[in-house]
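Engineer: Using only what follows, build the 3D model:
(one chain, ligands or ions: 1)
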Amino acid sequence: MLNFTVGPVMSSASVRKIGGEQTPYFRNDEFSKVMFENEELMKEFVYASDDSRVVFITGSGTASMEATVMNVFNEQDKVLIVNGGGFGQRFVDLCEIHNIPNEEIQLDFGHNITKEILDSYSDKDYTGFLVNICETSSGIYYDLDLISDFCKENNIFLVVDAISSFLANPLNMVEQDIDVVITGSQKALACPPGVSIVVLGENALKRVENNHVKSMYFDIKDMLKNAERGQTPFTPAVSILLQINQRLKEIESQGGVESEIERIANLAQDFRKRISELPFEIKTESLSNSVTAVFCSNALEIVEKLKLDYNIWVNPNGGDLADNMFRVGHIGYLTIQDNDKLIDALNDLEKRGIIHD
Ligand SMILES: *Cc1c(COP(=O)(O)O)cnc(C)c1O
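Structural biologist: Below you'll find the predicted structure:
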């Protein structure tokens, strides 16, 4: 099986090996050491300040989105949410559930945010900004510098959901004044699903400290207190945290975050170049390195045939675009040789008449 979906993705042999072993006991120094390493490497890879802290939540990416919304905002806030697809909508829904006053910046499919759009929200007393910097449903990578400048000028607290773009596109918490970065285990971290990660800068820590959260499991204050000794309040997904440790150290030993981003960027560029002869169209304005949304006729059949006849998985879509678009992920343990196999299969499907204008 060759998996080009956007998560869960392919994992390295050493990561998979850990998944096959017995789960160890975790209330001890050995596990605390692993967690301290995880925290340090996460901070290094997002260029966080020394005073930043990291929490590892057992739950998929949405758990960390929800925990963030609950812990850093309250009813006195007024937040702006970039909504250009399914994940932007999720932030809107979360703010609604938790009574956080919010307004959406609605963008059409695959369209980038512009300075003009942002300027129309200037000087309007917004206190928070939420963006899925790669909106995985279209593959758009929003202009982070533009958003960061806007938030700086207006003194707005910036939360970046980098769940699908961490390790695929560059991001610098200090230079880009990002207060919170969220990511998850099953995207470019290339581990099984089940753990998501929140990196909190100094302002975020202050907000958490001063907020009252009505939740036991999603109380970041409690998580931070436990993390001081390398622990979590409740039993975490121990094996996945060990896999994350393995993976972060692998990346570190192979040249660090920059090399990993370059590796994924090369895979994405290679794929996009090589589909240029096929009757496909790319409509997204500014593509993330993590995923390519491919427009075509017959998308559902293409996805199905790739799976049944070639044992290759790409990401189908639901909704209106189901038969017009599929997505190809470039994250996870993939190589140029894997791209070769996908391109061969697509060329073959064209010969067979399944891919056509
Ligand atoms: C995958 C993803 C999530 C999280 O989804 P889960 O299914 O909860 O892991 C959130 N935001 C973005 C941008 C994503 O790509």
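Engineer: ok, and what's touching stretch 102-117?
Structural biologist: For stretch 102-117, contacts defined as Cβ atoms under 8 Å, 6 or more residues apart in numbering pick out 78-85, 88, 92, 95-96, 118, 121, 126, 138-140, 142-143, 146-147, 283-286, 293, 321. Placement of C-beta: from N, CA and C, glycine included.
Engineer: Quick check: next helix or strand after the strand or helix carrying residue 269?
Structural biologist: Using DSSP states H and E, residue 269 maps to helix 256-274. Counting by DSSP H and E, the element after helix 256-274 in chain order, helix or strand, is strand 291-295.
Engineer: May I see the buried residues of the very next helix or strand once past that following strand?
Structural biologist: Downstream of strand 291-295, the next assigned helix or strand under DSSP H and E is helix 299-310. For helix 299-310, the neighbour count (16 or more other Cβ atoms under 10 Å) marks 299, 302-303, 305-306, 310 as buried.
Engineer: Of the contacts of stretch 102-117, keep whichever come out buried.
Structural biologist: 78-85, 88, 92, 95, 118, 126, 138-140, 142-143, 147, 283-285, 293, 321.
Engineer: which residues touch the residue nearest to the spatial centre of the chain?
Structural biologist: Centroid check for the chain by Cα atoms, centre = their mean gives residue 163 as the closest residue, at 1.4 Å. Residue 163 sits next to 61, 64, 87, 132, 136, 182-184, 187, 196 when contact means Cβ under 8 Å, 6+ apart.
Engineer: Which stretches in the chain count as strands?
Structural biologist: In the chain, the strands defined using DSSP state E lie at 2-3, 53-58, 79-83, 102-106, 128-132, 134-135, 140-141, 157-161, 180-184, 195-200, 291-295, 312-313, 325-329.
Engineer: As CSV, the ones you listed with mean pLDDT would be great.
Structural biologist: Below are the strands of the chain laid out as CSV (pLDDT from 0 to 100):
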stretch, mean pLDDT
strand 2-3, 98
strand 53-58, 98
strand 79-83, 98
strand 102-106, 98
strand 128-132, 98
strand 134-135, 97
strand 140-141, 98
strand 157-161, 98
strand 180-184, 98
strand 195-200, 98
strand 291-295, 97
strand 312-313, 98
strand 325-329, 97
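Engineer: which of these sits most buried?
Structural biologist: Mean neighbour count, computed with mean count of other Cβ atoms under 10 Å, is highest for strand 134-135 among the strands of the chain, reaching a mean of 30.
Engineer: what phi and what psi does the backbone show at the residue in the stretch 151-300 of the chain positioned nearest to the ligand?
Structural biologist: Closest to the ligand within the stretch 151-300 of the chain is residue 164: 3.4 Å, counting by Cβ to the nearest ligand atom. Backbone torsions of residue 164, given as degrees, to the nearest 10, read phi -100, psi -10.
Engineer: quick one: contacts for it?
Structural biologist: 6-7, 132, 134, 136, 187-188, 288, 290-291, 331.
Engineer: Show me which residues of this protein sit near the ligand.
Structural biologist: By Cβ under 6 Å from any ligand atom, the part of the chain that sits against the ligand consists of 7, 60-62, 87, 132, 134, 136, 161, 163-164, 184, 187.
Engineer: Please work out how many residues are found near residue 169.
Structural biologist: Neighbours of residue 169 under the rule other Cβ atoms under 10 Å: 21.
Engineer: Determine the number of other residues adjacent to the closest residue to residue 231 other than its chain neighbours.
Structural biologist: Nearest residue to residue 231, sequence neighbours excluded (Cβ to Cβ, 6 or more residues apart in numbering): residue 32, at 6.1 Å. The tally of other residues near residue 32 (other Cβ under 10 Å) stands at 16.
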